[in-house]
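J.: here is a sequence with its predicted model. Questions after.
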Amino acid sequence: QVQLVESGGGLVQAGGSLRLSCAASGRTFSRYRMGWFRQAPGKEREFVAAISGSGGDTNYVESLKGRFTISRDNAKNTVYLQMNSLKPEDTAVYSCAARCSNCYEYNYWGQGTQVTVSS
């Protein structure tokens, strides 16, 4: 069982930056691939970025490459999402998720943190 708690969301002006954190419980954090997703009002949840258990492999939705960076610190059981040059269309609830090494889907989800970008 993995519990995930996001933090770091808030209100920021367009062009600003935020760093989201997702703290995970448990002693096997490094075995999980971690992902960030977001859901804007009236829209479906979309994939943002993911990172392998070791942190050596990352992938992003194409539209966010260069502005968002995912990273992790396995010693702190935490995954991060650095978001730069934020735009109003980045406004959404951002959630982190964990996927076990032998799983095809994300097994565990956090409650999400709100990011609002004002113009």
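T.: Thanks, I have it. The structure presented is a predicted model; accordingly, all values stated were derived computationally and were not measured. Residues are numbered from 1 along each chain as shown.
J.: which residue is nearest the centroid of the chain?
T.: residue 36 (2.8 Å; Cα atoms, centre = their mean).
J.: report pLDDT for that residue.
T.: Looking at residue 36, its pLDDT is 98.
J.: quick one: the strands in the protein?
T.: For the chain, strands defined by DSSP state E occupy the ranges 4-7, 10-13, 18-24, 33-39, 46-51, 58-60, 68-73, 78-83, 92-99, 108-109, 113-118.
J.: ok so, going back, any idea what the residue nearest to the centre of the chain is bridged to?
T.: residue 49, residue 96 (DSSP bridges).
J.: can you count the residues close to residue 104?
T.: 7 (other Cβ atoms under 10 Å). For the C-beta atoms, the positions are set from N, CA and C on the backbone; glycine is no exception.
J.: dihedrals phi and psi, it?
T.: Main-chain torsions, residue 104, degrees, to the nearest 10: phi -100, psi -20.
J.: how close does it get to residue 33?
T.: Going from residue 104 to residue 33 by Cβ to Cβ, to the nearest Å gives 11 Å.
J.: residue 11 now?
T.: Residue 11 is 30 Å from residue 33, by Cβ to Cβ.
J.: next one: residue 54
T.: 10 Å.
J.: looking at these two, which is more packed in?
T.: Counted by other Cβ under 10 Å, residue 54 and residue 33 do not tie: residue 33 has more neighbours, with 19 against 11.
J.: tell me the contacts of the more buried one?
T.: 50-53, 98-101 (Cβ atoms under 8 Å, 6 or more residues apart in numbering).
J.: buried ones in stretch 36-46?
T.: 36-38 (16 or more other Cβ atoms under 10 Å).
J.: extract the CA atoms of that stretch and return them as CSV.
T.: Taking C-alpha atoms only, stretch 36-46 is exported to CSV below (Å, rounded to 0.1, in the frame of the first residue of the first chain):
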residue,chain,number,x,y,z
TRP,A,36,2.0,13.4,-12.7
PHE,A,37,-1.4,14.0,-14.2
ARG,A,38,-3.6,17.0,-14.3
GLN,A,39,-7.3,17.7,-14.8
ALA,A,40,-8.6,21.1,-15.8
PRO,A,41,-12.3,22.1,-15.2
GLY,A,42,-14.6,20.4,-17.6
LYS,A,43,-11.8,18.3,-19.2
GLU,A,44,-10.5,14.8,-18.8
ARG,A,45,-7.5,13.9,-16.8
GLU,A,46,-4.3,14.1,-18.9
